[in-house]
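*Asks:* generate a structure from the sequence data that follows.
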Amino acid sequence: MMWLWLTILSVLFFSLANILQRVLMKSDKSNPYSYSVIFHFLLGVLNFVCALLLGSHMSLFSGNVIMLLLASALWGATMVFLFKALKFVDVSEVAILSTIKIFVIVIASIIFLHESFSLAKVIGAIIIILSTLLITDLKKGITLNKGVIYILLMSLFGGLAIVVDSFNVKQYDPVFYNSIQNFLSGFCILLFYPKALKQWKHFIQPSFLKKMLPLGVFSTIQGIAYLFALVSPGVTAQVGTIRQSTVILTVLFAIVFLNEKSNLLRKTSAAALVMIGVALLS
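*Replies:* Just a heads-up that it's a prediction; the model follows:
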């Protein structure tokens, strides 16, 4: 069950990183594409340092290089479509529609990784999806527009990226893989938006780097925990589904750290549902 604790650790630090991002980057006016490229490069550096300190096996040819490039392209495309979606829809719509990613992960894991997914796990996945719907404050409803299309594409590519990650980490050292994959994802985003580095001078300012470093550390921890969880055979769908609970935990952390106490009953009910869902998936 080590994979479960690693997944929970990943969700914990991912949620903390989201809160840090909201607090530290609130007044920052960086272009989101520029920010994402620099952030991926920072994660690449931090993970490479961890790989050196841990004595990780660092070889591009210990696994399938094409699958490594595919994972990087999928994660890069996921970020691009997310930013495109946010131009047209609210964050609440993203939270709801991105639950489709769970179905992508489950189906792709069964087809490509030959994993099994029992009825209890299906119920657990549905409960986590319902908890996301419960906690999300959707004020305007969902209308079919470009933003919805972009979210669906983001969910498709993001779900497939997790499945490809699961394939890759069984061949590569997870820490080294995380380093290379982040570097390559940053370059993939640059291919879409070569002007993304126009703000490079802003990103080397000490004031900006002090904000980015804690985000990078928390994101590095969650990424390494997530990938080590995927090393366990047959758990890709469970890991991908449980990671959706980041939405819930981020909201709960916002209650504690940001004093966001509106709709408290709904939020605590959603947290209880997530615990049930995770128990069924474990």
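
*Asks:* who's in contact with residue 162?
*Replies:* Residues in contact with residue 162 (CB atoms under 8 Å, 6 or more residues apart in numbering) are 101, 105, 230, 236, 239, 240, 243. (Each C-beta comes from the backbone N, C-alpha and C, glycine too.)

*Asks:* how much space separates it from residue 231?
*Replies:* 13 Å (CB to CB, to the nearest Å).

*Asks:* picking that back up, just the ones of the contacts of residue 162 in helices?
*Replies:* Mapping these onto helices (DSSP state H) picks out 101, 105, 230, 236, 239, 240.

*Asks:* residues contacting the last one?
*Replies:* Pointing back at residue 240 there. With contact set as CB under 8 Å, 6+ apart, residue 240 has these partners: 101, 102, 105, 106, 109, 159, 162, 163.

*Asks:* residue contacts, the fifth one?
*Replies:* Residue 109 is in contact with 115, 117, 163, 166, 236, 237, 240, counting by CB under 8 Å, 6+ apart.

*Asks:* what is the burial count for the fourth one?
*Replies:* By the measure other CB atoms under 10 Å, the count of residues near residue 166 is 28.

*Asks:* can you check residue 226 too?
*Replies:* Around residue 226 there are 24 residues (other CB under 10 Å).

*Asks:* ranking by neighbours, what's the top pick from the contacts of residue 240?
*Replies:* Using other CB under 10 Å as the neighbour test, these are led by residue 105, with 29 neighbours.

*Asks:* so that one versus residue 63, what's the distance?
*Replies:* As for residue 105, its distance to residue 63 is 21 Å (criterion: CB to CB).

*Asks:* next: residue 108.
*Replies:* For residue 108, the distance to residue 63 (CB to CB) stands at 19 Å.

*Asks:* which of these two has more neighbours?
*Replies:* Shown here are residue 108 and residue 63; by other CB under 10 Å, residue 108 has more neighbours (22 against 18).

*Asks:* you'd agree that one is up against residue 160?
*Replies:* Yes: Residue 108 sits in contact with residue 160 when judged by CB atoms under 8 Å, with a separation of 5.9 Å.

*Asks:* so which strand or helix has the residue nearest to residue 104 when sequence neighbours are not counted?
*Replies:* Closest residue to residue 104 in three dimensions, ignoring its sequence neighbours and counting by CB to CB, 6 or more residues apart in numbering: residue 159, at 2.9 Å. Counting by DSSP states H and E, the secondary-structure element that holds residue 159 is helix 146-168.

*Asks:* residues of that helix that come out buried?
*Replies:* By neighbour count with 16 or more other CB atoms under 10 Å, helix 146-168 contains the buried residues 147-148, 150-168.

*Asks:* and if you look at stretch 71-90?
*Replies:* Residues 71-86, 89-90 are the ones in stretch 71-90 that count as buried (16+ other CB under 10 Å).

*Asks:* and for it, what's in contact with it?
*Replies:* When contacts are defined by CB under 8 Å, 6+ apart, stretch 71-90 is touched by residues 32-33, 36, 94, 138-140, 142, 145-148, 150-151, 153-154, 157-158, 160-161, 164-165, 168, 180-181, 184-189, 191-193.

*Asks:* where does this protein dip in pLDDT?
*Replies:* Judged against pLDDT under 70, the low-scoring parts of the chain cover residues 24-30, 91-92, 137-144.

*Asks:* got a list of what the residue of it most remote from its centre touches?
*Replies:* Ranking residues of the chain by C-alpha distance from their mean position (CA atoms, centre = their mean) puts residue 201 at the top, at 27.2 Å. For residue 201, no contacting residues are found, by CB under 8 Å, 6+ apart.

*Asks:* any idea which element it lies in?
*Replies:* When elements are defined using DSSP H and E, residue 201 is found to belong to helix 200-203.
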